[in-house]
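**Student:** Would you be able to build a 3D model of this:
(2 chains)
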Amino acid sequence: MYALVDCNNFYVSCERVFAPQLEGRPVVVLSNNDGCLISRSQEAKDLGLKMGEPYHLVRPLLEQHRVQVFSSNYALYGDMSRRVVQVLSGLAAGVDVYSIDEAFLDVSGMKLLEPDLLAYGQRVHETLKKHTGIPTCVGIAPTKTLAKLANRLAPKTGPVRTVTLATAADWEPALAQVPVGSIWGVGRRYARKLTDMGIGTGLELARLPEHWLRRHLGGVVGQRLWRELHGQPCLEWNPAEWDDDQLQPNTASRHSVTCTRSFGRPQHQEAVLAEAVATFATRAAEKLRRYGQAAHLVTVLLGTDRFAPTAGPKTHTAVISLPTSTNDTGMLIKAALQGLRQLRRPGVAYHRAGVLFTGLEPEGQAQLGLFSGSAADQQRSQQLMQAMDGLNARFGRQLVRSAAMGVAKNVDGLLQKPVWGGRAAHRSPRYTTGWDELWQLR
Amino acid sequence: MLTSLHDFISASLFSTRELPLFGCPVPAGFPSPADDHLEGPFDLNRLLFRHPASTFLARVSGDSMIEAGIHPGDLVAVDRALRAGHGSIVVAVVEGEHTIKRLQFRAGQPWLVAENARYAPLPVGPDAGLVVWGVVTHVIHSLAGTPTVR
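**Tutor:** I've put the predicted structure just below:
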């Protein structure tokens, strides 16, 4: 049995924990660089505001209804997410963190402690609300796919906020209620294909024979989906191991590490783009090392105006393949800058950039290449990275940095805010993570 | 921000969060008789954050709790996991604002009481929807003015 715990309007809920006057009022949170709406309170949804809508287009509506607007504050959301997972790890035998605001719990043995799974789900919801202030919905079912479905139905259960679909008699009527496109694992393309064939609801999909899904919905993926819809768990279980030093779950089993940002203003100069790409490569490399991984492939992304009326792709990518996997910031920056040179077209203004590392494997396992340095070099690089991460952890991010990230200073000797830096005109304080911005009480 | 080597050295020496505790002074050049008495290490985080997931630090800016030993500029640890009772110092939500007060029940009726004679106690009626945000568990008061921690 799995329970899916999903935080309601997570970013908005985080803001409300420290700003109770916003309870019952419309609130939205904007993406990086104040681009689009990425979290909306129920009141904001009721005004017809849609997910992903560009801020500059809906601004008049927001002002008319006096909607409270926040820039995203990932320091706060990350800390609140960590707290949510920590509370969950005390309530279940295993926690599989799916995203910043969702986690699956392994509740297989829970029946022995709590015969009524509905009561258990409600207890999870209430404990999280009390301990962290974050409201949640809980869906309980024998498979992750059905738990996701149960969770989807939970908001309509009033104060209970929990739905359990323990047997086929429970999940069949639930499947009949939902369109096939809302089943977890059915992508937009398959949803269109299925509805074109007259398969409209989740139940109609589940009633098809297993071999039909195997043939028409991506082979083994479709077969797994069929089994999941019939209560036979097929999806991986990746429990988070708790890392006591970091006070956060240790998620080693990831497949990619990325850092992408929108710019405050479109940028076309090579030097500025290079500083940005080097900065993103550095951030992503830090993440790699935190998870004890090394990467083979470095993908660089450059994005033009997503809302431009002209046709053509809005995101351009270049992939650089490394001779051996590494998590050395210097080597990863070098590869990323090589990708940037391939990609950049003179005169084109770019709105976004990013770096993505894939082909991940545990660090220290790389085969040494013929031309890529000795084991001693590798050890030196590892020691250097350790020293750098140690200094930055102790004295603040970016105390020691690559010159490629840019080193322009202000008159006071402090590093200048980068030219490409994003707008965050409405960011709330880093209430829980910054001494200078600590939560204030009167 | 680090400005000199001295800052660097003192920061590296004192930024560890665990402080070993020796029961007595240790003489040099002799097998230490203190070894058997080594007790620590202390970890103040364990004292302050008994429930790390639900404990939040806050800076106090008013003087309404000054007679309870909570001064402007002090840091307080607020635990949401605890249940507030008569006499608890709490962070409550009053008219959409957070406030730190002592919770008292007088004839079954909740009151938020300031620890400063200049502020009148605030009765919390049944319809006022008193929300206790958390229970204040510790105060960190710096004797040398506003604590500066980094």
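
**Student:** For the helix or strand containing A:Ala278, list every residue counted as buried.
**Tutor:** Per DSSP states H and E, A:Ala278 falls inside helix A:270-290. Under the neighbour-count criterion of 16 or more other Cβ atoms under 10 Å in any protein chain shown, helix A:270-290 has A:272-286, A:288-290 buried. (C-beta placed from N, C-alpha, C; glycine too.)

**Student:** swap in stretch A:198-211?
**Tutor:** Residues of stretch A:198-211 classed as buried by neighbour count (16+ other Cβ under 10 Å): A:199-206, A:208.

**Student:** Can I get the host helix or strand of A:Arg341 in CSV? Just the C-alpha atoms.
**Tutor:** Mapping A:Arg341 onto the secondary structure by DSSP H and E places it in helix A:329-343. Provided in CSV are the C-alpha atoms of helix A:329-343 (Å, rounded to 0.1, in the frame of the first residue of the first chain):
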residue,chain,number,x,y,z
THR,A,329,33.7,22.1,-11.6
GLY,A,330,36.6,23.3,-13.9
MET,A,331,36.1,20.5,-16.4
LEU,A,332,32.3,20.8,-16.4
ILE,A,333,32.6,24.6,-17.0
LYS,A,334,35.0,24.0,-19.9
ALA,A,335,32.6,21.6,-21.5
ALA,A,336,29.6,23.9,-21.0
LEU,A,337,31.4,26.9,-22.5
GLN,A,338,32.3,24.7,-25.5
GLY,A,339,28.6,23.9,-25.9
LEU,A,340,27.8,27.6,-25.6
ARG,A,341,30.2,28.5,-28.4
GLN,A,342,28.5,25.9,-30.7
LEU,A,343,25.1,27.1,-29.9
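
**Student:** could you check the angle helix A:270-290 makes with it?
**Tutor:** Relative orientation of helix A:329-343 versus helix A:270-290 (axes from the mean of the first three to the mean of the last three Cα atoms, to 10 degrees): 140 degrees.

**Student:** What is the distance between helix A:329-343 and the centre of its chain?
**Tutor:** Offset of helix A:329-343 from its chain centre (Cα atoms, centre = their mean, to the nearest Å): 24 Å.

**Student:** Show residues contacting it.
**Tutor:** For helix A:329-343, the surrounding residues in contact (Cβ atoms under 8 Å, 6 or more residues apart in numbering or on different chains) are A:273-274, A:277-278, A:280-282, A:284-286, A:295, A:298-300, A:302, A:316-320, A:322, A:326, A:355, A:357, A:381, A:385, A:388, A:402, A:404.

**Student:** could you list every residue that touches the closest residue to chain B within the stretch 101-250 of chain A?
**Tutor:** Ranked by Cβ to the nearest Cβ, the top residue of the stretch 101-250 of chain A for proximity to chain B is A:His131, at 3.8 Å. A:His131 is in contact with A:83, A:87, B:51, B:53-54, B:80-81, counting by Cβ under 8 Å, 6+ apart.

**Student:** Kindly recompute the last result at 7 Å.
**Tutor:** A:His131 makes contacts with A:87, B:53-54, B:80-81, as judged by Cβ atoms under 7 Å, 6 or more residues apart in numbering or on different chains.

**Student:** Next step: these restricted to helices.
**Tutor:** Among the contacts of A:His131, the members falling in helices (DSSP state H) are A:Val87.

**Student:** Distance to A:Gln365 and neighbour count for the contacts of A:His131 - can I get that in TSV?
**Tutor:** TSV is the format used below for the contacts of A:His131 (distance: Cβ to Cβ, whole Å; neighbours: other Cβ atoms under 10 Å in any protein chain shown):
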residue	distance to A:Gln365	neighbour count
A:Val87	35	23
B:Ala53	34	22
B:Ser54	39	22
B:Arg80	43	21
B:Ala81	42	16
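
**Student:** Can you give me the neighbour number for B:Phe105?
**Tutor:** As a burial measure, B:Phe105 scores 11 neighbours (other Cβ atoms under 10 Å in any protein chain shown).

**Student:** So for it, what's the nearest residue that isn't a sequence neighbour?
**Tutor:** Excluding its sequence neighbours, the residue lying closest to B:Phe105 (Cβ to Cβ, 6 or more residues apart in numbering or on different chains) is B:His86, at 4.8 Å.

**Student:** Going by distance to B:Glu67, which of the contacts of A:His131 wins?
**Tutor:** Of all these, B:Glu67 sits closest to B:Arg80, with 25.1 Å by Cβ to Cβ.

**Student:** How much space separates that closest one from chain A?
**Tutor:** Using Cβ to the nearest Cβ, to the nearest Å, one gets 5 Å for the distance from B:Arg80 to chain A.

**Student:** thought that residue was touching B:Ser54?
**Tutor:** Yes: with contact defined as Cβ atoms under 7 Å, B:Arg80 reaches B:Ser54; the gap is 4.3 Å.

**Student:** pretty sure A:Leu175 contacts A:Arg207?
**Tutor:** No: counting by Cβ under 7 Å, A:Leu175 does not reach A:Arg207; the two are 9.0 Å apart.

**Student:** So what does whatever residue of chain B ends up closest to chain A have for phi and psi?
**Tutor:** As assessed by Cβ to the nearest Cβ, chain A sits closest to B:Gly96 within chain B, at 3.0 Å. Dihedral pair for B:Gly96: phi 80, psi 10, per degrees, to the nearest 10.

**Student:** How many neighbouring residues does it have?
**Tutor:** Neighbours of B:Gly96 (other Cβ under 10 Å): 13.

**Student:** what helix or strand is A:Gly264 on?
**Tutor:** Using DSSP H and E, the element containing A:Gly264 is strand A:257-267.

**Student:** Distance from that strand to the middle of the chain?
**Tutor:** Centroid separation between strand A:257-267 and its chain, computed with Cα atoms, centre = their mean, is 16 Å.
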